[in-house]
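A.B. asks: any chance you can model this:
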Amino acid sequence: MSNKLIDDNQLVFDYINGNEAALAELVQRHKRRVYSSIYLIVRNKEITEDIFQDTFFKVINSLKAGQYYEDGKFLPWTLRIARNLVIDHFRRIKKMPTIPNIVNDEGEEVDIFSILNIQQKDEYSIEKTEFKKNMRRMVDELPTEQKEVLIMRMYYDMSFKEIADFTQVSINTSLGRMRYALINLKKMLEDKNVEIPV
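C.D. replies: Model (predicted):
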């Protein structure tokens with residue numbers, strides 16, 4: 001019987017019951033989709049390969065620990081693991097997106113995250129360091145889905161179609177999450193009285 005006729009759920013069951021070849025078939029069947037979904041975000045081959053390996057390492061550990069409850073949904077489950085590892089990667093390196101359309105007290109549009117990337121030392125460096133910490137805290141306070149879309153769109157310049165494909169939602173849902181992320185960030189800036197260094 002061809003492996004192509006065996007569904008993912010049966011292969012998962014077979015692997016859990018000791019058939020190592022079943023896992024090899026699952027990896028072979030889905031590796032292109034998982035790899036490309038990671039690369040789409042990180043845009044770096046070495047990092048993609050590391051996260052890809054970590055994804056299947058976590059898949060193996062979860063299956064062996066009996067933590068797979070996604071009956072018949074192996075690929076979406078694996079993509080969620082990959083997506084979470086991508087988010088963890090960016091959290092570790094603390095890369096932040098660039099967000100336009102924030103207006104300062106004078107009514108001028110300010111790209112608040114451009115301030116975070118300024119390397120030169122000047123009299124405002126302390127203010128900028130404090131602002132950077134505040135912004136990181138506020139982005140971390142966003143709901144996960146909003147933070148994820150914001151980072152993919154504003155920092156990695158992904159289209160809303162790419163974001164929708166990666167997060168497995170509609171384009172309108174991606175647009176809505178982005179809109180609410182910006183609204184929430186603006187509100188936090190106001191509520192916390194955070195001054196934008198200029």
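A.B. asks: pLDDT averaged over the longest helix anywhere in the chain - what is it?
C.D. replies: Counting by DSSP state H, the longest helix found in the chain is helix 20-42. Helix 20-42 shows a mean pLDDT of 89.
A.B. asks: next: stretch 187-196.
C.D. replies: 78.
A.B. asks: where does this protein have low pLDDT?
C.D. replies: 1-4, 71-72, 93-129, 132, 155-157, 195-198 (pLDDT under 70).
A.B. asks: change it to 80
C.D. replies: 1-5, 40-41, 43, 70-72, 90-137, 139-140, 151-159, 162, 165-166, 192-198 (pLDDT under 80).
A.B. asks: domain assignment for it?
C.D. replies: For the chain, automatic domain parsing gives the domain ranges 3-93, 102-191.
A.B. asks: can I get these in TSV with mean neighbour count?
C.D. replies: No exception for glycine: its C-beta is placed from N, CA and C like everyone else's. Output for the domains of the chain, formatted as TSV (neighbours: other CB atoms under 10 Å):
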stretch	mean neighbour count
domain 3-93	15
domain 102-191	15
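A.B. asks: what sits up against the longest helix of the chain?
C.D. replies: Here helix 20-42 makes contact (CB atoms under 8 Å, 6 or more residues apart in numbering) with 3, 6, 8, 11-12, 14-15, 45, 48, 51-52, 55-56, 60, 63, 74-75, 78-79, 82-83, 85-86, 89, 152, 156, 158, 162, 165-166.
A.B. asks: now Leu11. Nearest residue, chain neighbours left out?
C.D. replies: Spatial nearest neighbour of Leu11, chain neighbours left out: Ala22 (4.4 Å); criterion: CB to CB, 6 or more residues apart in numbering.
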